[in-house]
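> need coordinates for the following:
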Amino acid sequence: MTYNEEKSCAIVLNGESIEREIEDDFIICADGGAKLLKDRLPDIIIGDSDSLSATPKGVKTLNFPAIKNETDGELCVRYAAKEGFKRINFYGVLGGRADHILGNYTLLALADKLGCVAVAREKGLDIHFAKSFFTLETNKNDTLSVVPFGGCAVIKQSAGLFYPLENLVLEPFLTRGISNIATESKIILEFEKGVAIVFHYHLKS
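Below is the predicted model of the structure:
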């Protein structure tokens, strides 16, 4: 186990605002995401500097050309994984351009591919990447939406949900997994096939 495996890493994207307190051990900003920080300086800023006019004094930067095949957010995820972090919290995921928001969801899948557990933290909302056997602590009556990602998702069984998901095929472009309700302090989703994005709206934020 490396030193960073025991720590959590925040990745701040160039969204509209940060509505949750950042308590992570290490902060990476994707270029203009540095403008959203108020009480802390980032440990490093990564990107092409197209949305950040000035770098905070004394902060490490990792610069890339504007013409590249990855977004600044993807570069941040790859950096965090390379540095040994296994837990990533994203901030500034929502707001801004709609295509950027959709792209930000793919960063959850990328983090999983690189061996990290990642969650997007927004006001009253956590966004998770779910596959295989997925568990999540909840409060009773929290709202949860399970949206297939990258293709069909087959859920063999579930627990802790008002609308059971049993041997159910969630198809892209349909809304079957939207607005379920937690009935227990933990929900379980067992996937037979595919993956999903889980939106967890907290009754108590």
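> so where's the chain shaky on pLDDT?
Within the chain, the segments meeting pLDDT under 70 span 1-2, 50, 53, 204-205.
> for it, which segments count as helices?
72-82, 98-113 (DSSP state H).
> packing partners of the first one?
In this structure, helix 72-82 makes packing contacts with strand 8-12, strand 26-30, strand 44-47, helix 98-113, judged by 3 or more C-beta pairs under 8 Å, 6 or more residues apart in numbering; DSSP states H and E. Where C-beta positions appear, they are placed from N, C-alpha and C, glycine not excepted.
> what's the most buried one of the helices of the chain?
Mean neighbours per residue, mean count of other C-beta atoms under 10 Å, is largest over the helices of the chain for helix 72-82, with a mean of 21.
> contact partners of that helix?
Defining contact as C-beta atoms under 8 Å, 6 or more residues apart in numbering, one finds that helix 72-82 is touched by 9, 11, 13-14, 26, 28-31, 44, 46-48, 62, 64, 70, 88, 103-104, 107, 110-111, 114-116, 118.
> can you check stretch 47-57 too?
For stretch 47-57, the surrounding residues in contact (C-beta under 8 Å, 6+ apart) are 14, 30-32, 34-35, 41-42, 45, 61-66, 68, 72, 75-76.
> closest to residue 133 out of the helices and strands packed on helix 72-82?
helix 98-113 (13.6 Å; C-beta to C-beta).
> all strands of this structure, in order?
For the chain, the strands defined by DSSP state E cover 8-12, 26-30, 44-47, 60-63, 87-91, 117-122, 125-130, 133-137, 143-148, 153-159, 168-170, 180-181, 186-193, 196-201.
> list the buried residues in the longest one.
By that I understand strand 186-193. Neighbour counts over strand 186-193 (16 or more other C-beta atoms under 10 Å) mark 187, 189, 190, 191 as buried.
> TSV for the residues you listed, including distance to residue 179?
Shown next, in TSV, are the buried residues of strand 186-193 (distance: C-beta to C-beta, whole Å):
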residue	distance to residue 179
187	14
189	15
190	21
191	20
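> which one of those is nearest residue 146?
residue 189 (6.8 Å).
> who's that closest one bridged to?
Per DSSP bridges, the residues bridged to residue 189 are residue 134, residue 158.
> pretty sure it sits against residue 155.
Yes. Between residue 189 and residue 155 a contact is recorded at 5.8 Å, counting by C-beta atoms under 8 Å.
> hey, what's in contact with both of those two?
Listed as contacting both residue 189 and residue 155 by C-beta under 8 Å, 6+ apart are 146, 165, 196.
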